[in-house]
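S.K.: Give me coordinates for this.
(2 chains)
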There are 2 protein chains.
Amino acid sequence: MSKALNVGVVGATGQVGKVMRRLLEERDFPIASIRFFATARSAGTVLPFRGEDVVVEDVETADPTGLDIALFSAGATGSRAQAPRFAAAGVTVIDNSSAWRMDPDVPLVVSEVNPHAIARATKGIIANPNCTTMAAMPVLKVLHEEAGLERLIVSTYQAVSGSGLAGAEELAEQARAAVADEHLLDLVHDGSAVTMPEPVKYVRPIAFDVIPLAGSIVDDGDEETDEEKKLRNESRKILELPELLVSGTCVRVPVFTGHSLSINAEFANDITPDRARELLAAAPGVELSDVPTPLQAAGSDPSFVGRIRQDQSAPGKRGLALFISNDNLRKGAALNAVQIAEVIAATAGAASDSAEAPATASA
Amino acid sequence: MSKALNVGVVGATGQVGKVMRRLLEERDFPIASIRFFATARSAGTVLPFRGEDVVVEDVETADPTGLDIALFSAGATGSRAQAPRFAAAGVTVIDNSSAWRMDPDVPLVVSEVNPHAIARATKGIIANPNCTTMAAMPVLKVLHEEAGLERLIVSTYQAVSGSGLAGAEELAEQARAAVADEHLLDLVHDGSAVTMPEPVKYVRPIAFDVIPLAGSIVDDGDEETDEEKKLRNESRKILELPELLVSGTCVRVPVFTGHSLSINAEFANDITPDRARELLAAAPGVELSDVPTPLQAAGSDPSFVGRIRQDQSAPGKRGLALFISNDNLRKGAALNAVQIAEVIAATAGAASDSAEAPATASA
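M.R.: Numbers count the residues shown, from 1 in each chain, chains lettered A, B, ... in the order given. From the prediction side, this is the model:
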């Protein structure tokens, strides 16, 4: 059985932190004690947890000693500053930011895909993949095991909550202004027919628009965004395929929550849509859907996958085209972190069960 | 010089017909006379044209004799019924529907890409491509001429006006209801947080959602939509590449007008992003844009293209990734039809100029 753990949530007042708290409450997670942390600005806030009031502590000054696990959703800067301090105090950090993902001493884990990598957390830090990559991993893992994944071409449809609460508010404000404008339907003939608040979070208006630039261009001459590079690098690390060929185009769409990916995947061996559906029907964290949409995914755990077709442009039957939608705040962030903690709790429980076994059982 | 023509617009009261009328007025099109046609329901309506009142005629009973050209935007059924009758009366039909596109005796023309095909209109009918394919053709043509196009992988972001006025109204109604709901921002955590009118035109809600099923599944076992098949078949015909490999995933997004395409293109020879930009800067009907968006394209003529990168998953430098946005009602429909008519007017003008040349010039 799982061992009850002393759990901390760092960034507890943020958008992902809120989902982490809810999931820890909802799921049958074995908690011995809970502590919440945030920046000084939010410290002192009182948050409920399973009927108790919990006072949020200042992450910079709090002593983490005694925690078994800390779920971090504090941004890359916050994580770089605090995760090593927590780890040095003996806390296993499960970090949602990009800070540690490509560190060779930090495993990058999707709970259904590579839980075995948790054992390699020699720094005391485990990283959660970015939300776009996450959505695809449970789907691609089973297809890879069947046919040998070689190449991914991905175009994304990413929700504004992937940019934090500011992204969601920018979409809401622009949509409210456009809808209040008597010329809304004139957008059919003229993209400047309505007046909307100027973009702040994004480089273009996001309401009734799509922006083919999710993230920021990385200054290395490739003209790819950091999101597009994460998709390549994190897929390679999680699937343990260092040579995997990946081309991504990351696009922001006027959706509040639910990241979607249109994927053309190529394999070493033939794989048919029927066989893919059979495998995916049994895959953990995956649910088949005729027409997966972000509104369907928002508030749910699985990666919804559908529109599975043979890629007629790939050699033989070695290509599949498919579409995935997944909640970028749940599985894409908070849920996967909690699921990693659950694996650790189960492992700790199994270890202490075996420690209680008769001494004669050991060598 | 161009010859002044007797021009008809069939489907003049519809969404595309409206744009056709506006373009004929705005552009310096040589018109000797104008006639408008629609179904019986709209016949008798009076529409202005260059300061004159024009009474809409019933397309089923009107005699088309005397017209040089008829621009048809009357749907596939209307076109199948009426285009042959117009053509038999000596009228050159330029048809915007899917009815004739794959007919071997009907040229499928993008004015900048294959105007030479107009001469092959042995049935008196010329077809306009579907709006999604159209957006890509002026871009892909110049890249193909440089490097030899072999394969296209396309994911689309298609506007609701591609489904007619009913699509635009469905988006507007759902968006109005969602924005009026005090729980709008709860969509961040729950896709069912707001109440919206039930979908009618689409299989899922379209406001604050994306639907990876533009068009209808064709019942041939491929599980592709008609939109996905059109993209393959029409690209092959227009580019005169019958073996071109094409995989498309056609997705509807909550945008009023402006179809976008995320394209991974593979070529027989190397082509760099710099060379592609150089070629596209000079290509007719194309405009470079750092971040092309549908709001930018709506109301404009060119295909905006940007985010041009080397496709790192393709062999050598033989792949490009890029993003295109284009107004699906203008170039995607009405404008291309008018441009084909302009080519015909110019050709007719040249022919009559040469007919007036001294007789000694002929053999």
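
S.K.: rest of the way, CA atoms for contacts and neighbours
M.R.: Noted.

S.K.: list the buried ones in the helix or strand that contains A:Val19?
M.R.: Element membership for A:Val19 (DSSP states H and E) is helix A:15-26. Neighbour-count burial for helix A:15-26, counted by 16 or more other CA atoms under 10 Å in any protein chain shown, picks out A:15-21, A:23-24.

S.K.: which residues in the stretch 101-250 of chain A form strands?
M.R.: A:125-127, A:149-157, A:245-249 (DSSP state E, counting those that start in this stretch).

S.K.: residues making contact with the last one?
M.R.: What it means is strand A:245-249. Outside of strand A:245-249, the residues within contact range by CA atoms under 8 Å, 6 or more residues apart in numbering or on different chains are A:150-156, A:212-213, A:228-229, A:231-232, B:262, B:311-314, B:321.

S.K.: just the second one next, same as before
M.R.: In this structure, residues lying in contact with strand A:149-157 by CA under 8 Å, 6+ apart are A:132, A:140, A:143, A:244-253, A:259-268, B:155, B:210, B:262, B:264, B:313.

S.K.: Paired strands for that strand, with orientation please.
M.R.: The strands beside strand A:149-157 in its sheet (DSSP bridges) come out as strand A:245-249 (parallel), strand A:259-267 (antiparallel).

S.K.: Pull the distance from it to the chain's centre.
M.R.: Distance of strand A:149-157 from the chain centroid (CA atoms, centre = their mean, to the nearest Å) equals 17 Å.

S.K.: just the last one next, same as before
M.R.: If you compare the mean C-alpha spot of strand A:245-249 with that of the full chain, they lie 18 Å apart, counting by CA atoms, centre = their mean.

S.K.: do stretch A:246-257 as well
M.R.: Distance, centroid of stretch A:246-257 to centroid of chain: 14 Å (CA atoms, centre = their mean).

S.K.: what distance separates the start and the end of that stretch?
M.R.: 25 Å (CA to CA, to the nearest Å).

S.K.: just the buried residues of helix A:15-26 that are near chain B?
M.R.: With CA under 8 Å from any CA of the partner chain as the criterion, these include none near chain B.

S.K.: Would you list the buried entries among the contacts of strand A:245-249?
M.R.: Counted by 16+ other CA under 10 Å, those give A:150-156, A:212-213, A:228-229, A:231-232, B:262, B:311-314, B:321 as buried.

S.K.: what about the closest residue to A:Met20 other than its chain neighbours, how many neighbours?
M.R.: Among residues not flanking A:Met20 along the chain, A:Ala334 sits closest, at 4.9 Å (CA to CA, 6 or more residues apart in numbering or on different chains). By other CA atoms under 10 Å in any protein chain shown, 28 other residues sit near A:Ala334.

S.K.: where are the low-confidence patches of the stretch 1-150 of chain A?
M.R.: Across the stretch 1-150 of chain A, the ranges flagged by pLDDT under 70 are A:1.

S.K.: so who does the residue in it that chain B sits nearest to touch?
M.R.: Of all residues in the stretch 1-150 of chain A, A:Val19 sits closest to chain B, at 8.3 Å by CA to the nearest CA. A:Val19 sits next to A:329-330, A:334-335 when contact means CA under 8 Å, 6+ apart.

S.K.: If we use 7 Å, what do you get?
M.R.: By CA atoms under 7 Å, 6 or more residues apart in numbering or on different chains, the contact list for A:Val19 reads A:330, A:334.

S.K.: And A:Ala345, by the same measure?
M.R.: A:2-5 are the contacts of A:Ala345 under CA under 7 Å, 6+ apart.

S.K.: Show me what counts as buried in the helix or strand where A:Gly349 lies.
M.R.: In the assignment (DSSP H and E), A:Gly349 maps to helix A:335-355. Neighbour-count burial for helix A:335-355 flags A:335-346, A:348-349 (criterion: 16+ other CA under 10 Å).

S.K.: If the closest residue to A:His259 other than its chain neighbours is in a bridge, with which residues?
M.R.: Closest residue to A:His259 apart from its sequence neighbours, by CA to CA, 6+ apart: A:Gln158 at 4.5 Å. Judged by DSSP bridges, the bridge partners of A:Gln158 are A:Arg252.

S.K.: same thing with A:Gln310?
M.R.: Taking DSSP bridges as the rule, A:Gln310 bridges to A:Leu320.

S.K.: ok, it to B:Ala350 distance?
M.R.: 49 Å.

S.K.: The closest residue to A:Arg120 other than its chain neighbours: what's it in contact with?
M.R.: Closest residue in space to A:Arg120, ignoring its immediate chain neighbours: A:Pro107 at 6.2 Å, by CA to CA, 6+ apart. Listed by CA under 7 Å, 6+ apart, the contact set of A:Pro107 reads A:117-118, A:120-121, A:126-127.

S.K.: just A:Thr133 next, same as before
M.R.: Counting by CA under 7 Å, 6+ apart, A:Thr133 has contacts A:231, A:234-235.

S.K.: and chain A, what are its domains?
M.R.: A:5-129+A:333-361, A:133-158+A:214-328 (automatic domain parsing).

S.K.: so which of those is the most packed in?
M.R.: Ranked by mean neighbour count under mean count of other CA atoms under 10 Å in any protein chain shown, those are led by domain A:133-158+A:214-328, which reaches a mean of 22.

S.K.: Would you tell me which residues of the stretch 151-300 of chain A are close to chain B?
M.R.: A:151, A:155, A:161, A:176, A:179, A:187-191, A:208-213, A:222-223, A:245-247, A:254-257, A:262, A:291, A:293-296, A:298-299 (CA under 7 Å from any CA of the partner chain).

S.K.: Tell me how confident the model is about the helix holding A:Gly349, as a mean pLDDT.
M.R.: The average of the pLDDT scores along helix A:335-355 is 86.

S.K.: Could you figure out how far it is turned away from helix A:15-26?
M.R.: Relative orientation of helix A:335-355 versus helix A:15-26 (axes from the mean of the first three to the mean of the last three CA atoms, to 10 degrees): 40 degrees.

S.K.: how far does helix A:335-355 sit from the chain's center?
M.R.: Distance of helix A:335-355 from the chain centroid (CA atoms, centre = their mean) equals 20 Å.

S.K.: one step back: other SSEs contacting the helix or strand just after the helix holding A:Val19?
M.R.: The helix or strand immediately downstream of helix A:15-26 is strand A:31-38, counting by DSSP H and E. Judged by 3 or more CA pairs under 7 Å, 6 or more residues apart in numbering or on different chains; DSSP states H and E, the packing partners of strand A:31-38 are strand A:5-10, strand A:57-58.

S.K.: Try it again at 8 Å.
M.R.: Packed against strand A:31-38, as judged by 3 or more CA pairs under 8 Å, 6 or more residues apart in numbering or on different chains; DSSP states H and E, are the following elements: strand A:5-10, strand A:52-55, strand A:57-58.

S.K.: Cheers, nothing more for now.
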